[in-house]
Every structure is written in structure tokens, then in C-alpha cells.
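Asker: the sequence and its predicted three-dimensional model are supplied below.
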Amino acid sequence: MTGTEIGLAAVDLGASSGRVIHGRVGPGVLQMREVRRFRNGPVTLPDGLYWDILGLYQDILAGITDATRAGPEIQGVAIDSWAVDYGLIAVDGSLLGNPRHYRDARTTGAVIDTVHAAAPVDKLYGINGLQYLPFNTLYQFAADPHIGEPGVQALLIPDLLGYWLTGHRVAEDTNASTTGLLDARTGQWNTDLIDTLGLPTGLLPRVVPPGTVVGDLTDQVQAQLGLHRPVTVSTVGSHDTASAVVGVPAENPNFAYISCGTWGLVGVELDQPVLTEDSRAANFTNERGVDGTIRYLRNVMGLWLLSETLRTWELQGEKSSLTGLIAAAADIPPGGPTFDPDEPQFLPPGDMPARIAEACRNTGQQPPQTRPEIVRCILDSLAITFAARVHDAARLSGQRVDVIHIVGGGSQNTLLCQLIADAAGLPVVAGPVEATALGNLLVQARTHGALTGDLWDLRAQLRAAVTTARYSPQPLPGRP
């Protein structure tokens, strides 16, 4: 099959929507078409926030059906999604309730203190190399009363969906590295840490890398979809950021990336983790990437701030055009108010404009008044923070950065891209928007033998297939 064009389905699940992509991939061929898009998001119940995992599964099955009709016939399926969240599987294989949403408030300070009493933060970082985030999986486990039930196993979201499709359970390592229980050096579960935290043996399945064949669709799933030939499920960078970084069209290692959507993931690609005290103090994370790479990065709140602002205005009965607001924001002179987007008050859903105004007042600034001013305040704040994190990543890792690649939905925001270039003093290359789906398809195609080579060979194929935009830094006040 080597070097033969094939059809593939990429399931790409984001925090606000999901979709199934039909791809045609082979030497010199990289084409994709969205065949189904569906809603995703938190479901609020009296006891907290959940994901509608059963609805997502049904939407994925419908999307795979659509992909089989798109032509050429698909030979494989792979899933990427957000990180840290999981479903619990009982001894009989049944699901123990809908998975909790990472924005749920169950990981309280008391829960986190319990974890840190057993494993202090410096010890944790020396093992897992993770940025402290209150929703990391190990904190969720500490808040979950079902974890101690006999025979229960936890599957991260892409692995849970893959289990229902194939009947096989694995833990793909790019997503597993976000749990806090994977050893940053070995890429395997750290059994000493798992024992220290009192987690049961067998809670987590075996770790596998991207490019592993999980299994064919079960007979039941094939019959449900009306398929008459096997379709193979394999792993890719199942953390969507890992697939997005594969989809960065870089030409050499001297780049930083910003995968910008609901979250902004800002970092560099390394061969080894950075586990220094300076790195821990700067709250940088070491997550695994495709081909054994390390995604050395920091989470920034991202375009969640903008989408939640628009949602607040819509709830107030005044729907706004984002395109028009950005155009108006671009006409506002620089030097307006800014805020730290990573402050904890910006994490949960709610009245984002009011929180932004409060943050500005708390730092002695006049809050933005008009809607374009609020949008400009958000974009200025994100750009300054993104730029600072790029320079932090370079300083802490020793990795030279000559260019910043921004991929994902944020790459379409021309004002944000220019503001990042200006704040960082570095050129910004924007695109592709569909970096995650493209990264998924490229790794899948290599697994099936339709492509060969290493990560840089995949990126060379990507560069030939996509169009990007370049933004050069403009002088800022006080900077030549």
C-alpha cells in the first residue's frame, strides 16, 4: 500500500463543536472536506458541568457514515480532542456516568491541597513536568468518588470513543501526558506516583504512541453503519494540540507555535523535557508530541474570552457581528487597557465583559466602554500574553525562535496576528486554520503506509498543500 492515495476520516472534537473530516492523502496529495459538524459544549446540571458524550458518539457515528459516502472509501478513522477529561468504565464495560467538564468546580482548593499533601508541587513537576492547572486529571481523580470502585478503568475522551468503536482500550500518550500521572522522561505511567496518590492498580490502560493501530470497527458498529468492509481505528496525536503542532508548516526547528482556539497553547517543540525549577515557577508544561517530541508550552485562556463575551451580549438581547467588531477594534489606537487573561476569574462561564472591567479597575486602569473597545482590550491582552510566553519558552528551553506560527481559528483574526507580531517583535505566519485535522490525517496516512518519513517529511507535504499569511512586526511606541 506504500505510496498509494487513500481515504481517511479524521474526527476532531473541540470544546465548542466537533466535526468529521474526509481526507484524501498520498504522495503529493493532501485534501480534506468537512462532511459533518455538530455542537459540543458543557451541559449544566444541578450538581455541575458535564459533557454529552453519548450525543457526541452518535454524531461521530453519523459523521463516519457520511465519510464512507464521500469517496474514496475510507480505510481508517482517528480521533483527536481536548485533554484531561475522562470517562470511567466499570468491570462489565459500562460507562459510569457522563464525563465531567474540565470547567466544573469539583476540583476545589481542598481537593488540590489533598493531592499536594501527598505529592508536593515540586515533586510532581519533577515527575510529570506539567503546568499547574486545577483541572489536570490527577486532581479530577481526587474529586471522583467512583475512582476507588473495584475494577474501574479511566479512559481519556478519544480513548473512550475509540473503545466503543473497536472494543480495545489504550491510552494514547500525547493525551495521557496531560493527566499528571505520566513520567515526562519515560513516557510511561509513573507507578510510584500512582501508588503515592492512592490510585488503584489497573485504573489506567497501557500507553501507546501516535501511529498505533487500535483495531477495526467492531462487527456491531460496522452493522450499525451499514459497512461491508473493515475500517481501522488508529491513534494520532489524540490531544488536539499535538495534532495541531504536526500541522504547523515550519521549515526548521527554530519556531514557536500558538495553537489558538478556545485555548491558546503557546510553546516550542523540543527533543527532551525541561524540568528545572525556573520552568516550574514559570508554570510551563512538558506534554508529549508526535514522534517522541515534547510540546513545551503554556496554556493561555485564548479566544474563550471573546466567545464568552459575545455570548454574554447575545443573552442580553444584542447579537454582535464579530467581523464588524474586529474591524472597529482595529481603528482604535494602541495603548488602551489590558488585563491578565490567565486570572482564575476568567475560567468559568459567565459575564466576561463585567469581569474584564473589574480586572481593569483593580489595576488602576479605565475599563473599556464600547464593544469595539472591549474586543480591542481582549485582543491586546492576548497578544501581549502570547508574545511574553513565546519569549519565556525560548529563554527557559534554550530553543532559538525566529518565527511564530499561529494555527487554528485564531489564525483568521488578522488584527490578533498583527498585534502578536508587534508585541513579540517577530514575524508571524498564520495558518492553516485546519492544522489539527491536517495533522490527524498526515499521521493516519503514515500509519496506513500511504506516506513515509519523519515529522519534517510530513510538514514538507503540508507546506506544499496549504496557504499561509505573513505578518511583520511594526514599531511600537518606545521600540525602534
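Answerer: On my side now, so go ahead.

Asker: only C-alpha atoms for contact and neighbour calcs from this point on.
Answerer: OK.

Asker: can you pull out the strands in the stretch 301-450 of the chain?
Answerer: Using DSSP state E, counting those that start in this stretch, the strands of the stretch 301-450 of the chain run over 403-407, 428-430.

Asker: quick check: which ranges of this protein have low pLDDT?
Answerer: Applying pLDDT under 70 to the chain flags residues 1-3, 476-480.

Asker: buried sites along the biggest helix by length in it?
Answerer: Criterion DSSP state H: the longest helix present in the chain is helix 371-397. The neighbour-count check on helix 371-397 (16 or more other Cα atoms under 10 Å) flags 371-387, 389-394, 396-397 as buried.

Asker: circling back to that earlier point, in JSON lines: the strands of the stretch 301-450 of the chain, plus distance to L451 and mean neighbour count.
Answerer: Output for these, formatted as JSON lines (distance: least, Cα to Cα, whole Å; neighbours: other Cα atoms under 10 Å):
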{"stretch": "strand 403-407", "distance to L451": "23", "mean neighbour count": "27"}
{"stretch": "strand 428-430", "distance to L451": "25", "mean neighbour count": "27"}
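
Asker: can I assume T235 is in contact with P209?
Answerer: Yes: taking contacts as Cα atoms under 8 Å, T235 lies within contact range of P209: 7.3 Å.

Asker: neighbour count winner among those two?
Answerer: Ranked by neighbour count (other Cα atoms under 10 Å), T235 and P209 place T235 first, with 29 against 23.

Asker: tell me the contacts of the residue found closest to S472 once you drop the neighbours it is linked to in the chain?
Answerer: Using Cα to Cα, 6 or more residues apart in numbering and skipping the chain neighbours, the partner closest in space to S472 is P427 (4.7 Å). Counting by Cα atoms under 8 Å, 6 or more residues apart in numbering, P427 touches 402-404, 421, 470-473.

Asker: please indicate which of those are buried?
Answerer: 403-404, 421, 470-473.

Asker: nearest to D216, of the strands of the stretch 301-450 of the chain?
Answerer: strand 403-407 (31.5 Å; Cα to Cα).

Asker: now do the strands in the stretch 151-300 of the chain.
Answerer: Counting by DSSP E, counting those that start in this stretch, the strands of the stretch 151-300 of the chain are 153-156, 171-172, 207-208, 213-216, 232-234, 255-260, 264-270, 285-288, 294-300.

Asker: could these be laid out in CSV, adding mean neighbour count and distance to W51?
Answerer: Below are the strands of the stretch 151-300 of the chain laid out as CSV (neighbours: other Cα atoms under 10 Å; distance: least, Cα to Cα, whole Å):
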stretch, mean neighbour count, distance to W51
strand 153-156, 25, 13
strand 171-172, 25, 20
strand 207-208, 18, 24
strand 213-216, 20, 24
strand 232-234, 22, 23
strand 255-260, 28, 22
strand 264-270, 25, 21
strand 285-288, 29, 24
strand 294-300, 25, 21
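
Asker: re the thing from before, distance check, the residue nearest to S472 against N283.
Answerer: 25 Å (Cα to Cα, to the nearest Å).

Asker: same check on G261?
Answerer: 20 Å.

Asker: just the buried ones among the contacts of P427: which are in helices?
Answerer: Using DSSP H, the buried ones among the contacts of P427 in helices are A421.

Asker: and which of the buried ones among the contacts of P427 is nearest A359?
Answerer: Taking the buried ones among the contacts of P427 together and measuring to A359 by Cα to Cα, the closest member is A421, at 25.0 Å.

Asker: so what's that closest one closest to, chain neighbours aside?
Answerer: Per Cα to Cα, 6+ apart, closest to A421 is P473, 4.6 Å.

Asker: and L182, by the same measure?
Answerer: Nearest non-adjacent residue to L182 (Cα to Cα, 6+ apart): W189, at 4.4 Å.

Asker: that neighbour contacts D183, doesn't it?
Answerer: Yes: W189 is in contact with D183 according to Cα under 8 Å; the separation is 5.9 Å.

Asker: residues contacting the residue nearest to L182?
Answerer: For W189, the contacting residues are 181-183, 207, by Cα under 8 Å, 6+ apart.

Asker: try 6 Å
Answerer: 181-183 (Cα atoms under 6 Å, 6 or more residues apart in numbering).

Asker: same question, V236
Answerer: 210-211, 440, 443 are the contacts of V236 under Cα under 6 Å, 6+ apart.

Asker: which segments of the protein make up each domain?
Answerer: The record assigns the chain these domain ranges, following automatic domain parsing: 6-234, 250-431.

Asker: pull up the distance across the last one, start to finish.
Answerer: Taking Cα to Cα, domain 250-431 runs 11 Å from one end to the other.

Asker: same question, stretch 181-201
Answerer: Note: stretch 181-201 ends 13 Å apart using Cα to Cα.

Asker: mind listing what's buried in it?
Answerer: 181-185, 187-190, 193-194, 197, 199-200.

Asker: out of those, which are inside helices?
Answerer: 193-194.

Asker: which pair in the buried residues of stretch 181-201 spans the largest distance?
Answerer: Comparing every pair within these by Cα to Cα identifies R185 and P200 as the most remote, at 22.6 Å.

Asker: between the domains of the chain, which one is nearest to H448?
Answerer: Comparing these by Cα to Cα, domain 6-234 comes nearest, at 7.9 Å.

Asker: residues contacting the residue nearest to A421?
Answerer: Contacts of P473 by Cα under 6 Å, 6+ apart are 421-422, 425-427.

Asker: most widely separated two among these?
Answerer: Most distant of the contacts of P473, by Cα to Cα, are D422 and P427, 8.4 Å apart.

Asker: what's the neighbour count on L133?
Answerer: L133, neighbours per other Cα under 10 Å, totals 11.

Asker: in a strand, it, correct?
Answerer: No: judged by DSSP: H, G, I helix; E, B strand; the rest coil, L133 forms no part of a strand; its state is coil.

Asker: any idea how far it lies from I112?
Answerer: Per Cα to Cα, L133 is found 10 Å from I112.

Asker: can you give me phi and psi for P349?
Answerer: Main-chain dihedrals, P349, degrees, to the nearest 10: phi -60, psi 160.

Asker: and the spatially closest residue to it that is not a sequence neighbour, how many neighbours?
Answerer: Excluding the flanking residues, the one nearest P349 by Cα to Cα, 6+ apart is E308, at 6.9 Å. Residue neighbour count, defined by other Cα under 10 Å, stands at 19 for E308.
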